[in-house]
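S.K.: here is a sequence together with a model predicted from it:
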Amino acid sequence: MLAGFVSQSPLTSRELTHSLTRMEDSLVVHQKAHRIVFVPHVAGVAFAPDWRTTSPICQTQRGHIAYLDGEFFNRTDLARSTTSDPEFLVRAITGERELLNRIDGLFSGVVFDTHKNELHIITDRYGLRPLYWTRLGNRIAWASQTKAFLALPEFSPVIDPISRDMFFATGQLPPDRTWLKGVAPVPAATQMTFHISDGSLTQQRYWSWDEIAPLTGHHTQRELAHELGTRFRTAVEQRTTGRTGLALSGGLDSRAILAAMPGAPETFTFGHPDSADVRIAAQAASVKNAPHTVLPLDGQNWLLPRISGVWYADGALDLIHMHGIEHLKQQKEAFDISLNGAGGDGLAGAGHLFHPNGLSAYLKNKLHIKADRNMTQHFKTAFNEAGSAHAFYIDWRMRGFTIHGPRLGLLHGLEYRLPFLDNQVQEFLYSIPLQQKANNRLYRQMLLETFPEYFRNIPYQATGFPISHSPWTVKILRRLTGLRNPAPHTFADYANWLRQSPGKNLCDHLLYNTSNTSKLWQRHLAGEDHTIILGRYMTYQLYLIQLFDGKYRTSEEVAELLKITT
């Protein structure tokens, strides 16, 4: 986690330190701080958990200062020396720029050149280690949490109306915006350079999807599945170091990671003890003899931790989707690194891929978005800039929504790693024509052939049957059995939990301010299901309470403030 600023006008050590300390105090972080203050222009801090053996900052003999958040996974392939990640970043930015697009990692970084008086801000290839920036007069400030900017005297928070409309319509913020006007995420695969001498700011993309050539020649589906399995197994093994564990569900992606992990990692499954997720996860864990712990999720324990989560995530993730936040502390006691299956079904399974003319159908049928004319144009512009459904999914959905779930673990020092976003895996998937990936065809075959003991006979939570059954067989079996068997428990029952304490108490306090939200809440209480939109309104109201009060409060303090009984 990073925070800091560079000032075009000279400042004293005391002035630099005072502003940096205020930024630090605004962050929600439980990690060790490493700071460098370089008079008269720059002050910055990088936070890292105690279990990391290398420092996230460095000062080189050539006058470079580097702050790094995150990690590289393939540095030994890039440089055989023992150079630290921050030092390698300096080398890549200042001398060997061709190294940048070869880095496989989740990171954001800041490098200050004390001789040229230039500041460089950089993000990883996919932008999945967010870093935010703003310009305040003669300052450029950066932070991993937007709340840090509230500490700067020149900054005044103003809600961005485009972000607000997009959040209520889609449940996420645009990947190029935050809730706050004038504060933006640094784009993916981008190096921004601020020149102190004249105050100019330049932006350059160091990698693009166009660099990946389409797959040529004839390849059977089996050959493609084998190659994907090989690359995926390598990606998981490369990210399994030290105390690495897994949140295991009844889906395909986390189970694939479990199958590829060396050894028997600690696994956790949250949800209703009788849910399909819990039962299937237990079966998968037993194949590897991996320790498996069920973390109950119920109407009493789900809400309170999410109040803190809203502020930690800067309102970027609605509280209904903070699944498992209740048990992050317990997971951190078991492991330091959590592997996450983000990108599995969406990219390997092609669940979020579509032909260029299919954007409207994708938004309507997959994301359930009802967009007005202005919003539709925003989506079209973002899709055209991305250039493909693959790039659009990562840049729009993963950066704007998905990544904020894994990032909640950082609240307790729990690192996240994303094996499906490995460069070798992504480059291979991107090179394959859509027709060979569509409808889970390639991913399904890879799973069955690479990890048969985990998939051939163990059911898939979404269908209730193993993926070894053809889609037609599943349809027939579901028709035959659906009339006799009750629907299995889902891992959570948010709709009903909102109708009982403490969910009802919070909604009663937050959803009275407009006639629309109040009516929607009353209709939900009467039996209609408006969980998703109510969750967005609740998140927004909680964020505003914290934002304009300028003070972080724990879940318990907010509950007391709103007189919520638990």
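M.R.: Ah, there it is. Please read these numbers as outputs of a predicted model, since none were measured by experiment.
S.K.: just the strands in the stretch 201-350 of the chain please.
M.R.: Secondary structure of the stretch 201-350 of the chain, counting by DSSP state E, counting those that start in this stretch: strands at 244-247, 267-271, 292-296, 337-339.
S.K.: neighbouring strands - and their directions - for the shortest one?
M.R.: Using DSSP bridges, the neighbouring strands of strand 337-339 in the sheet come out as strand 244-247 (parallel), strand 415-417 (parallel).
S.K.: what do you get for the third one?
M.R.: Each strand paired with strand 292-296, and its direction, by DSSP bridges: strand 267-271 (parallel).
S.K.: return the distance of the strand it pairs with from the chain's centre.
M.R.: 19 Å (C-alpha atoms, centre = their mean, to the nearest Å).
S.K.: can you tell me which residue is spatially central in the chain?
M.R.: Taking C-alpha atoms, centre = their mean, the centroid of the chain lies closest to residue 403, which sits 0.9 Å from it.
S.K.: in contact with the nearest residue to it once chain neighbours are set aside, which residues?
M.R.: Nearest non-adjacent residue to residue 403, counting by C-beta to C-beta, 6 or more residues apart in numbering: residue 128, 5.1 Å away. (C-beta placed from N, C-alpha, C; glycine too.) Shown in contact with residue 128 (C-beta atoms under 8 Å, 6 or more residues apart in numbering): 106, 188, 398, 399, 403, 418, 421.
S.K.: residue 530 is nearest to which of the strands paired with strand 337-339?
M.R.: strand 244-247 (27.9 Å; C-beta to C-beta).
S.K.: what is the mean pLDDT for the closest one?
M.R.: Taken as a whole, strand 244-247 carries a mean pLDDT of 96.
S.K.: how far off centre is it?
M.R.: On C-alpha atoms, centre = their mean, the centre of strand 244-247 falls 16 Å from the chain's centre.
S.K.: would you mark the buried spots in that strand?
M.R.: Going by neighbour count (16 or more other C-beta atoms under 10 Å), the buried part of strand 244-247 is 244, 245, 246, 247.
S.K.: touching, the second one and residue 268? I think so.
M.R.: Right, residue 245. Yes: using C-beta atoms under 8 Å, residue 245 makes contact with residue 268 at a distance of 7.2 Å.
S.K.: what do the two both touch?
M.R.: Counting by C-beta under 8 Å, 6+ apart, the residues touching both residue 245 and residue 268 are 331, 334.
S.K.: now, the contacts of residue 128 that are in strands?
M.R.: Mapping the contacts of residue 128 onto strands (DSSP state E) picks out residue 106.
S.K.: out of the contacts of residue 128, flag the one nearest to residue 303.
M.R.: Comparing the contacts of residue 128 against residue 303 with C-beta to C-beta places residue 403 closest, at 22.9 Å.
S.K.: which ones are touching residue 56?
M.R.: By C-beta under 8 Å, 6+ apart, the contact list for residue 56 reads 34, 46, 47, 48, 67, 68, 69, 85, 86.
S.K.: hmm, 6 Å instead?
M.R.: Listed by C-beta atoms under 6 Å, 6 or more residues apart in numbering, the contact partners of residue 56 are 34, 46, 48, 68.
S.K.: for residue 158, same thing?
M.R.: Residue 158 makes contacts with residue 181, as judged by C-beta under 6 Å, 6+ apart.
S.K.: check it and give its pLDDT.
M.R.: On pLDDT, residue 158 comes in at 95.
S.K.: what of residue 80?
M.R.: Note for residue 80: predicted pLDDT of 64.
S.K.: got the buried residues for the helix ranked longest in the chain?
M.R.: Counting by DSSP state H, the longest helix found in the chain is helix 221-239. Neighbour counts over helix 221-239 (16+ other C-beta under 10 Å) mark 224-229, 231-233, 235-236, 238-239 as buried.
S.K.: then stretch 38-58?
M.R.: For stretch 38-58, a neighbour-count test (16+ other C-beta under 10 Å) marks 38, 41-49, 56-58 as buried.
S.K.: from those, which two are the most distant?
M.R.: Across the buried residues of stretch 38-58, the longest distance by C-beta to C-beta is 29.0 Å; it joins 41 and 49.
S.K.: same for the longest helix of the chain, what does it pack against?
M.R.: On a contact count with 3 or more C-beta pairs under 6 Å, 6 or more residues apart in numbering; DSSP states H and E, helix 221-239 meets helix 253-260, helix 423-431, helix 441-450.
S.K.: again, only using 10 Å
M.R.: Here helix 221-239 touches helix 253-260, strand 337-339, strand 415-417, helix 423-431, helix 441-450, going by 3 or more C-beta pairs under 10 Å, 6 or more residues apart in numbering; DSSP states H and E.
S.K.: what angle do the fourth one and helix 221-239 make?
M.R.: Read that as helix 423-431. Counting by axes from the mean of the first three to the mean of the last three C-alpha atoms, to 10 degrees, helix 423-431 lies at 150 degrees to helix 221-239.
S.K.: output helix 423-431 as CSV, nothing but the C-alphas.
M.R.: Taking Å, rounded to 0.1, in the frame of the first residue of the first chain, the C-alpha atoms of helix 423-431 are listed here in CSV:
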residue,chain,number,x,y,z
ASN,A,423,0.9,-13.5,-18.3
GLN,A,424,1.6,-16.8,-20.0
VAL,A,425,-2.0,-18.0,-19.3
GLN,A,426,-3.5,-14.8,-20.5
GLU,A,427,-1.4,-14.5,-23.7
PHE,A,428,-2.4,-18.1,-24.6
LEU,A,429,-6.1,-17.6,-23.9
TYR,A,430,-6.1,-14.3,-25.9
SER,A,431,-4.5,-15.9,-28.9
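S.K.: which helices and strands does it pack with?
M.R.: Packing partners of helix 423-431 (3+ C-beta pairs under 10 Å, 6+ apart): helix 221-239, helix 389-392.
S.K.: out of those, which is closest to residue 461?
M.R.: Taking the helices and strands packed on helix 423-431 one by one with C-beta to C-beta, helix 221-239 is closest: 20.2 Å.
S.K.: CA atoms of the closest one as PDB?
M.R.: Output of helix 221-239 as PDB, limited to C-alpha atoms (Å, rounded to 0.1, in the frame of the first residue of the first chain):
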ATOM      1  CA  GLN A 221      -9.000 -29.100 -28.800                       C
ATOM      2  CA  ARG A 222      -7.100 -31.600 -26.800                       C
ATOM      3  CA  GLU A 223      -3.800 -30.000 -27.600                       C
ATOM      4  CA  LEU A 224      -5.100 -26.600 -26.600                       C
ATOM      5  CA  ALA A 225      -6.500 -28.000 -23.400                       C
ATOM      6  CA  HIS A 226      -3.100 -29.700 -22.600                       C
ATOM      7  CA  GLU A 227      -1.200 -26.400 -23.200                       C
ATOM      8  CA  LEU A 228      -3.600 -24.400 -21.100                       C
ATOM      9  CA  GLY A 229      -3.400 -27.000 -18.200                       C
ATOM     10  CA  THR A 230       0.400 -26.900 -18.300                       C
ATOM     11  CA  ARG A 231       0.500 -23.100 -18.200                       C
ATOM     12  CA  PHE A 232      -2.100 -22.900 -15.500                       C
ATOM     13  CA  ARG A 233      -0.400 -25.400 -13.200                       C
ATOM     14  CA  THR A 234       2.900 -23.500 -13.600                       C
ATOM     15  CA  ALA A 235       1.100 -20.200 -12.700                       C
ATOM     16  CA  VAL A 236      -0.400 -21.700  -9.500                       C
ATOM     17  CA  GLU A 237       2.900 -23.300  -8.400                       C
ATOM     18  CA  GLN A 238       4.800 -20.000  -9.100                       C
ATOM     19  CA  ARG A 239       2.300 -18.200  -6.800                       C
END
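S.K.: can you check what angle separates it from helix 253-260?
M.R.: Angle of helix 221-239 versus helix 253-260, following the same axes, to 10 degrees, is 80 degrees.
S.K.: quick revisit: can you tell which of the strands of the stretch 201-350 of the chain is closest to residue 29?
M.R.: Nearest to residue 29, of all these, is strand 337-339, at 17.5 Å by C-beta to C-beta.
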